[in-house]
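*Asks:* Here is a sequence with its predicted model. Questions after.
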Amino acid sequence: MKSSVIVFPGSNCDRDIGVALEKMQFKNQMVWHKETKLPKSDLIVIPGGFSYGDYLRSGAIAGKSLIIEEVVKAANSGCLILGICNGFQILTETGLLEGTLLKNKNLKFINKDVYVKVFNNNTKFTNKYKKHQILKINIAHNEGNYFTDTKHLDKLKNENLIAFRYCDEIGNIDDKSNPNGSLESIAGIFNDNKNILGMMPHPERMVDEIISNNDGVNLFSSLFN
Amino acid sequence: MEISNQIIEKHGLKIDEYENIKKLLKREPNLLELGIFSAMWNEHCSYKSSRIHLKKLPTKGKHVIQGPGENAGVIDIGDDDAIVFKIESHNHPSYIEPYQGAATGVGGILRDVFTMGARPIALLNSIHFGAPDHPKTKSLLNGVVSGIGGYGNCIGIPTVAGETKFNETYNENILVNAMAVGHAKKNKIFYSKAKGVNKSVVYVGSKTGRDGIHGASMASAEFDENSEEKKPTVQVGDPFTEKLLMEACLELMRDNSIISIQDMGAAGLTSSSVEMASKGSLGIELELDKVPCREENMTPYEMMLSESQERMLIILEDGKEKAAKKIFDKWDLDFVVIGKTVNTNNLTLKFHNKVVGEIPIDALATKAPIYDRKWIRKKTKKEKIDLKKLRKITIEESLVKILSSPNHSNKSWVTNQYDQMVMCDTAQKSGSDAAIIRVHNKDKAIAVSVDSSANYCKSHPITGGKLIVCENWRNLITVGAKPIAITNCLNFGNPENEEVMGEFAECLEGIKEACEFLNYPVVSGNVSFYNGTNKKNIYPTPVIGGVGLINNFLKPINHILKKENSSLFLIGKTFGHLEQSCFLKENYQIFDGMPPEVNLLNEKNNGETLLKLIKNNLVLSSHDVSNGGLIVTLSEMAVLSEYGVKIKKPKILTNLFNYFFGEDQARYVVEIEKKNTSKAEKIMKDNDIYFENIGYTQKEIFEIEGELKISIKDLFKINNEWYNKY
Amino acid sequence: MKFSVTVTLKKDVLDPQGKVVLNTLINMGMNNLKNIRQGKHFEIEVDEKKQSEAEKKIDEMCKKLLVNLIIEDYTITKIS
Amino acid sequence: MKFSVTVTLKKDVLDPQGKVVLNTLINMGMNNLKNIRQGKHFEIEVDEKKQSEAEKKIDEMCKKLLVNLIIEDYTITKIS
Ligand SMILES: Nc1ncnc2c1ncn2[C@@H]1O[C@H](COP(=O)(O)OP(=O)(O)O)[C@@H](O)[C@H]1O
Ligand SMILES: [Mg+2]
């Protein structure tokens, strides 16, 4: 599998995702945002960080960069796209994913390990997980509070487009286990075709037992199925 | 313009210093030149009050590649790896504008580290606030923590350790110290010393604005009622630009274009250019018209003294300008040749084709004043505190009181605001004695910790100085790291006050003695004087930042209890020293007395023996015994674990309060699996250290036989309430 | 010519920031406070002779970058 | 009564956000754009009969929480 990681000024999880992809046997390339052509790839990752300082709105300025037009083209032709954290924010700014990520409800940056439940394991990204499997995974963001209108929310639910929801250690989903105030505890969503996944938690941080755990591994290995 | 006494004073210079300037120049300075002198001669840049004392610190050792004197210290950690680190204060700016002050503090220390060719891999901070009920404390805490996080999170370097303390001595003068640690290749370290004549001097990074003009002098002035007036000098941090600057500099450093590089920190363009020239025994000529400016009509005075952030000065090899500019263009940063090195030994400033200032470099650097300020030794009263006369309390009451106090409450409210994991090499985050950062792509790691103890230093500065070095050393040992070297940030009051200067001199004596004995050299540091208001000086607060090395790193050791029914050993002898303890402070508001004594021999033996135990894979968890004594140490091991402890009543001390709350030094608690206890005991005996088997771990319950029994869930609650309610 | 642009969250969009600010102010003892919503403000200077041209340009900036039309509304005012 | 509060950075204070937004708009082809500075905007509703009272209250809110007086200026305007 070939992957590309798009690097914006201010991206800072680009190296981390690069390391994880290579560890998971992807042939990975880093692509600078000023490029106008994407290398041929099966997977395009938009990494976490603070593209353009997250000034204006997180993800807004990166969403206007040249390379994004190529990403949109690739997405429309079915290429797999993964947006993590700032990458998720960028995907919503480009319109590839609907909804938006508001400030965390406590208005503070939050970095900690949280639990999420896999809601749809029948996709390219999640087929190696069990349905309702609970993952322990790191979050690190200022704006992870997912918001969308009721029409879209209904669609997310009805068409099984919610990838992950925040929960507690034993799987309860409630206000207490929701770290950032996200609507319905949503931690990650798919687009209609399920070839685009946006998620706030960082799977690339969970592929090394010495550092954390291996709960992110299956997200990458699923893609080989 | 006529230089009046008032102008001289406004520049923080004394009249006799001004006379000295005239002598060195052999004429009157103009205003620009006066401004430059004031920036270079103030405490922050010249170290005029501290230099003669700092000289005594041990700075060499087999691991030391670069000691104090450069932007940061450099140590050798084997193979071709080097670690570059330094700590710096940003106290005054953070009191005035906590968010921006703390943020730019982080930005500044990061530049010190990447200037040397290192990629920053970890940030630490030591923050001290006034009493929690002081009206300013809450917003200062909020601002500082979010400023530190805001900068580090955005630039993408994990903030992995630190300390957060409250004490009314900081009511009007908080402390914000930031430390950065970077990784470099041993043969690719960059220095600030200029070499060669007629080389291009290049300005890169952000544009120059009117920020922080005279920030360096502000950092060296006491606050008073009029400090409001000094407010416009606050700088705003731009972590996004710093990220670009860092990447661009590291990219440029891959080949051999750079002769010398220096960040523009305090006193901006002035100190960076003077420092480069002075180290290279050269002169430097700047054309100020070329300085990229953010505002219109900026004067040479403003340009030379601006403390706009995220800027660097680079001296390039001949013919490398074009390739270098391309890199900075890529990152959308200014890149302008603003001058050249010259053989005049002068700082020459041109503006609109006129020389507007000309000062011999040595007048600004080597000939800056040095003071042997008067100081007096601390007189200490040795009075014993009679426990029997105190109000009766139970062990449980006292434990609860300490664990729920602001200073001992769990700090996750703070640390959850910091990205601790970005870069994916943080093997041990905040919450343990030291953080562990793996060296990228290698099977070794470094451990880092910052420590201070103002109360100890106040009551007996020499002992206090020793104690903090020892505590820092212990914190690295407990995670299995061999302590290598330290950086230090010396936060003190007004050095013109003999008592303060005495505290300074004596703390340094203590630091020196401990560092020498433990073979723990000082490779970088920073001095911050004039912390205080209206003649009320803060407690002496030296902060030690230590770096240790873990070879063959497989898994982190921390202080969280791991197994049921494993043995608990207390290493080191307990005498029951309660003066200056949390026990007396939190329960009785007694602040008198001497700190615990330091026995460096035991310190070294105990520590090195624990390292042996860890190397032999015998240790499940370990924690040093510090504030709060044995019982607090044990609770900290239990609260984040599934296991509690069952502790026997001691045979050696009859008074349980002395035994459980005493703060004797050089002690550790280690958890050892039952089947390994005899092996461990043999090693401890062979190394002649004192140890006791104090009990074992058990499920869920924290227990001292016949005295106290409490569930660890309750302990956790007690320990986690304060910040969330504050 | 100088314009100000005010960007506010649409009415039915949750405003976590405004909410926290509101609660904080109430806790600080500000009574009779009914509601607060937080938005952004821009001061934009353009080199343009005709006001209508300038306004068109600013409107374009808003649509293309400054405003997230899904959740935000905006108004443009001439200052000078 | 409803007021709007506009908070802007003081003149010489660096505005990193405005700078990035400005560059982006220029890169997007918006010419003749001279400057952009970003600030905050609040819409505040208070239950108060007298305008002067209300304004005093809002001013207090600004000073105590909404505005960082060290680096920001503010103006209060009545909307309704
Ligand atoms: N401001 C801070 N930033 C990062 N980590 C912090 C901060 N304050 C406290 N910590 C972390 O909280 C833990 C407890 O701190 P402290 O009680 O000072 O530990 P110790 O006594 O072992 O030095 C440590 O892991 C420390 O790194
Ligand atoms: Mg410790």
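*Replies:* Structure received. Ligands and ions are numbered 1, 2, ... in the order given.

*Asks:* On the three-state scheme, the nearest residue to A:Ile90 once chain neighbours are set aside is what?
*Replies:* Among residues not flanking A:Ile90 along the chain, A:Gly59 sits closest, at 4.0 Å (Cβ to Cβ, 6 or more residues apart in numbering or on different chains). All C-beta atoms are positioned from the backbone trio N, CA, C, and that covers glycine. The three-state label given to A:Gly59 by DSSP: H, G, I helix; E, B strand; the rest coil is coil.

*Asks:* what's across from whichever residue of the stretch 151-300 of chain B sits closest to ligand 1 in the sheet?
*Replies:* Proximity of the stretch 151-300 of chain B to ligand 1 (Cβ to the nearest ligand atom) peaks at B:Gly162, 2.6 Å away. Listed by DSSP bridges, the beta-bridge partners for B:Gly162 are B:Asn125.

*Asks:* Got the confidence number for it?
*Replies:* Looking at B:Gly162, its pLDDT reads 97.

*Asks:* list the contacts for it?
*Replies:* B:Gly162 sits next to B:124-127, B:414-415, B:430, B:450 when contact means Cβ atoms under 8 Å, 6 or more residues apart in numbering or on different chains.

*Asks:* if you set the cut-off to 10 Å instead, what comes out?
*Replies:* Listed by Cβ atoms under 10 Å, 6 or more residues apart in numbering or on different chains, the contact set of B:Gly162 reads B:123-127, B:145, B:148, B:177-179, B:411, B:414-415, B:418, B:430, B:435, B:448-451, B:543, B:545.

*Asks:* is the top strand by length along chain C up against chain B anywhere?
*Replies:* Longest strand of chain C, by residue count under DSSP state E: strand C:33-46. No - figure legend: strand C:33-46 not in contact with chain B (Cβ under 10 Å from any Cβ of the partner chain); closest approach 13.3 Å.

*Asks:* Just want the angle from whichever helix or strand comes after that strand to strand D:33-46.
*Replies:* Sequence order places helix C:51-61 as the next helix or strand after strand C:33-46, per DSSP states H and E. Counting by axes from the mean of the first three to the mean of the last three Cα atoms, to 10 degrees, helix C:51-61 lies at 80 degrees to strand D:33-46.

*Asks:* And the helices in the stretch 551-700 of chain B?
*Replies:* All helices of the stretch 551-700 of chain B, identified by DSSP state H, counting those that start in this stretch, fall at B:582-588, B:600-615, B:629-639, B:656-661, B:677-686.

*Asks:* Give me whichever of the ones you listed is most buried.
*Replies:* helix B:629-639 (a mean of 25; mean count of other Cβ atoms under 10 Å in any protein chain shown).

*Asks:* So that helix, near ligand 2 or not?
*Replies:* No - Helix B:629-639 is not in contact with ligand 2 by Cβ under 5 Å from the ion; minimum separation 8.3 Å.

*Asks:* chain center to stretch A:212-221, what's the gap?
*Replies:* Taking Cα atoms, centre = their mean, to the nearest Å, one finds stretch A:212-221 lying 14 Å from the centre of the chain it belongs to.

*Asks:* Kindly report the same for stretch A:202-211.
*Replies:* With Cα atoms, centre = their mean as the basis, stretch A:202-211 stands 15 Å off its chain's centre.

*Asks:* do the same with stretch B:511-528
*Replies:* Remark: stretch B:511-528 is offset 13 Å from the chain centroid, using Cα atoms, centre = their mean.

*Asks:* what's the answer for stretch B:281-288, then?
*Replies:* Counting by Cα atoms, centre = their mean, stretch B:281-288 is centred 33 Å from the centre of its parent chain.

*Asks:* got the CA coordinates for it in PDB?
*Replies:* The C-alpha trace of stretch B:281-288 is given here as PDB (Å, rounded to 0.1, in the frame of the first residue of the first chain):
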ATOM      1  CA  SER B 281      37.100  39.000  18.800                       C
ATOM      2  CA  LEU B 282      35.600  40.800  15.800                       C
ATOM      3  CA  GLY B 283      33.600  43.800  15.000                       C
ATOM      4  CA  ILE B 284      30.200  43.800  13.400                       C
ATOM      5  CA  GLU B 285      28.600  46.400  11.200                       C
ATOM      6  CA  LEU B 286      24.900  46.600  10.700                       C
ATOM      7  CA  GLU B 287      22.800  48.600   8.200                       C
ATOM      8  CA  LEU B 288      19.700  49.200  10.100                       C
END
